[in-house]
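K.L.:
coordinates only, sequence not included:
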DNA sequence: TCTCTGCTCAC
DNA sequence: CAAGTGAGCAGAGAC
């Protein structure tokens, strides 16, 4: 299927020479494209062709996507400031760490090679050092050297941990620390990402040039990078609001499963409750490991689970993972029924849809090839959930943006990261904004379970969490 | 310069 | 074979 994804910048000129400068953009005009001007709406229709293939999609187009356009224009226009001095410091420390790792790895390997080449890495580890008898290979026949493989071999040879350290440091350096400052707009001094409104199959947004939806947070060094995202004025604040467990709440609501609904109504830790149910023990007897495994099962449910996939993720036997899934299905029968019903619907109609009627077509749902069909079945289960979450936050964005304009607030929405919204906060507006954002997010779509939103304020993006 | 591959970052 | 959605980087090779 060939189509041009809608980027707001397509409406305001191509990137590069043709692009209008930020202050030439008439936000109002762009907003009216969709809302009023039928003459221009056809352009949007062209760009949203996949959405409008069926009559049903008109609703998503008019009620979700069109009101969002001016919101995204505003967010791209505002941008976000970057603490380049902090990044420079991180870069220096990464350089030292990378150099040390490099030397150690060369010594352990007995020779120098290009550490950034997975091909050469595989040759060294498995062709020369023979770390394992039967190394896993990629589909092109190269030795596999990814994180999972190296982690599993950490005990066999210290070079594995050193490579993982090297990989992490060089990833952070090349993708974030060195690249982000290059993207600063010379006129505004800020980062202006491009949000893509119609590229993701599920209805999620995507972000590029730079992608601000994959800024590190998991590791200590990664969090340092997130700290470099700061308010535009010194002494200013960022406000971050994120949905708690949104996808599980959506599957609980859509499926109507009483056990999972009750867990959310009572406000208890959903992974703990799941562990208690699956292992058949009281809440206070659940071990860390049991909770952590149950958490992975909950994730697996959202992604469309297979016993094999879960076993691999959890590093447990296939029988154990099959037992976990079996127990899950009987403890949460509503979820199980929902999954079966969704797949049956997809088989009959060739598509699945979200709560607002956003469709995803699944041509492979009746494929005779089990692998291909399995992938389509997982899409059938995941898309309505991920897509409904996307619809919900898109509706919330339009609503909050409208409230900010109506109240003539100085606070601006600046980023969206799937289940999180980030605002450049005018400090004196904090109380009112908190209320507007919380209510806007909670009430975006009618749900049968409580929707929780965590809100934080801080002097940088990390602290706002 | 473009495309593919392998890898890794996020939700 | 075997967990959903994305984007970006470096290497490697085609053109």
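P.N.:
Cool, got the structure. What you see is a predicted model, and the numbers here were worked out from it, not measured in a lab. Numbering: from 1, shown residues only, chains lettered A, B, ... in the order given.
K.L.:
what are the ranges of the helices in the stretch 1-150 of chain A?
P.N.:
Using DSSP state H, counting those that start in this stretch, the helices of the stretch 1-150 of chain A run over residues A:8-11, A:27-35, A:38-47, A:57-59, A:66-78, A:84-109, A:118-122, A:147-152.
K.L.:
element containing residue A:326?
P.N.:
helix A:318-331 (DSSP states H and E).
K.L.:
can you tell if that helix touches DNA strand C?
P.N.:
No - on the criterion Cβ under 7 Å from any atom of the strand, helix A:318-331 is out of touch with DNA strand C, staying 8.9 Å away. All C-beta spots, glycine's among them, are computed from the backbone N, C-alpha and C.
K.L.:
so what does that helix touch, helix or strand wise?
P.N.:
Helices and strands touching helix A:318-331, by 3 or more Cβ pairs under 8 Å, 6 or more residues apart in numbering; DSSP states H and E, are helix A:270-279, helix A:288-303, helix A:307-314, helix A:333-349.
K.L.:
Out of the ones you listed, indicate the one that is most buried.
P.N.:
helix A:270-279 (a mean of 22; mean count of other Cβ atoms under 10 Å).
K.L.:
Mind giving me the packing neighbours of that helix?
P.N.:
By 3+ Cβ pairs under 8 Å, 6+ apart, helix A:270-279 packs against helix A:258-266, helix A:288-303, helix A:318-331.
K.L.:
could you say what helices and strands the second one packs with?
P.N.:
It refers to helix A:288-303. Packed next to helix A:288-303, using 3+ Cβ pairs under 8 Å, 6+ apart, are helix A:246-255, helix A:270-279, helix A:307-314, helix A:318-331, helix A:370-406.
K.L.:
between the shortest one and helix A:288-303, how many degrees?
P.N.:
It stands for helix A:307-314. Between the axes of helix A:307-314 and helix A:288-303, defined by axes from the mean of the first three to the mean of the last three Cα atoms, to 10 degrees, the angle is 140 degrees.
K.L.:
how much does helix A:307-314 deviate in direction from helix A:370-406?
P.N.:
Computed by the same axes, to 10 degrees, the angle separating helix A:307-314 from helix A:370-406 equals 60 degrees.
K.L.:
Just the mean pLDDT for helix A:307-314, thanks.
P.N.:
Average pLDDT, helix A:307-314: 91.
K.L.:
go on, stretch A:184-199?
P.N.:
89.
K.L.:
For it, which residues meet the burial criterion?
P.N.:
A:184, A:188, A:190-198 (16 or more other Cβ atoms under 10 Å).
K.L.:
just stretch A:149-166 next, same as before
P.N.:
Under 16+ other Cβ under 10 Å, the buried positions of stretch A:149-166 are A:149-150, A:153, A:157, A:159-163, A:165-166.
K.L.:
Over to stretch A:79-91?
P.N.:
Of the residues in stretch A:79-91, A:79-82, A:86-87, A:90-91 count as buried by neighbour count, 16+ other Cβ under 10 Å.
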